[in-house]
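[1] would you be able to build a 3D model of this:
(one chain, ligands or ions: 1)
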Amino acid sequence: MTRRFLFVLGSSRSDGNTELLARRAAEQLPAHVDQHWIDLATHPLPDFEDLRHDSDHVRPTEGNVALLLDATLAATDIVIASPLYWYSVSAHVKRYLDYWSGWLRTPGLDFKATLAGRTLWGVTALAHEETEVADPLIGTLNHSAAYMGMRFGGVLLGNGSKPGDVLKDTEALTRAKTFFAQEAPLAHFPYEAQ
Ligand SMILES: Cc1cc2nc3c(=O)[nH]c(=O)nc-3n(C[C@H](O)[C@H](O)[C@H](O)COP(=O)(O)O)c2cc1C
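    Residues are numbered from 1 along each chain as shown. A predicted model of the protein is given here:
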């Protein structure tokens, strides 16, 4: 299957560190790999409504929800490019992931079966020097991948506060060069035997 990468940008500002780092990593992808970039700030999702237990979710046919759904279903690789906000993913990204819960219950989508075996990746920028503070974000993405039966490629971390700072993080730029070339094993919950 031809690989198709969906980059989901989750910052609340344009041209931030997370996107800069994600673009550095994406530059290394072979030319035949399709790249689709969607910025959640310019393609906002409405508030998620939990209809799982009282009515049928209907497949969206228009607007940003349909755009995100179709792009998600089409992707072999989904890259969550979220800044670290309060030690986890941004609200934009959290809302996008909340929509996955609705799509799991939407008749005719086979959302879980479609995503199973595909790969989730993360890219994040953070101001804190000690990268272990990003563990909650990494856990969110790992556990979400495990729940979905997906592979998890890990999270590319870069340091920065104001836009452009991450370009001074030479170690992050070096990691970006090989990030998407890494093996992405099937994700596991921490309590599962590997
Ligand atoms: C709402 C908000 C919450 C933040 N929370 C954290 C945090 O928990 N830890 C941290 O190290 N940096 C935090 N930061 C700093 C950002 O992660 C940092 O500025 C990063 O470069 C932003 O990414 P961007 O340039 O892609 O927007 C926060 C920034 C904002 C605006």
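
[2] where do the strands of this protein begin and end?
    4-9, 34-39, 77-81, 119-126, 151-159 (DSSP state E).

[3] rebuild those as a markdown table, extending it with mean pLDDT, distance to the ligand and mean neighbour count.
    From N, CA and C alone the C-beta is placed, and that goes for glycine too. Shown next, in a markdown table, are the strands of the chain (pLDDT from 0 to 100; distance: least, Cβ to the nearest ligand atom, whole Å; neighbours: other Cβ atoms under 10 Å):
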| stretch | mean pLDDT | distance to the ligand | mean neighbour count |
| --- | --- | --- | --- |
| strand 4-9 | 98 | 8 | 22 |
| strand 34-39 | 98 | 11 | 16 |
| strand 77-81 | 99 | 8 | 26 |
| strand 119-126 | 98 | 4 | 26 |
| strand 151-159 | 98 | 8 | 22 |
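
[4] for this protein, what lies in contact range of the ligand?
    11, 13, 16-19, 83-87, 125-128, 133, 160-161, 163 (Cβ under 6 Å from any ligand atom).

[5] distance of the residue nearest to residue 87 when sequence neighbours are not counted relative to residue 63?
    Closest residue in space to residue 87, ignoring its immediate chain neighbours: residue 136 at 4.7 Å, by Cβ to Cβ, 6 or more residues apart in numbering. Distance, residue 136 to residue 63, using Cβ to Cβ, to the nearest Å: 31 Å.

[6] quick one: the spatially closest residue to residue 66 that is not a sequence neighbour from residue 70, how far?
    Setting aside the residues directly before and after it, residue 66 is nearest to residue 60 in space (Cβ to Cβ, 6+ apart), at 4.2 Å. To residue 70, residue 60 is 9 Å away according to Cβ to Cβ.

[7] geometric centre of the protein: which residue is closest?
    By Cα atoms, centre = their mean, the mean C-alpha position of the chain lies nearest to residue 80, the distance being 1.7 Å.

[8] residues in contact with the residue in the chain that the ligand sits nearest to?
    Of all residues in the chain, residue 16 sits closest to the ligand, at 2.6 Å by Cβ to the nearest ligand atom. With contact taken as Cβ atoms under 8 Å, 6 or more residues apart in numbering, residue 16 is in contact with 83, 125, 163.
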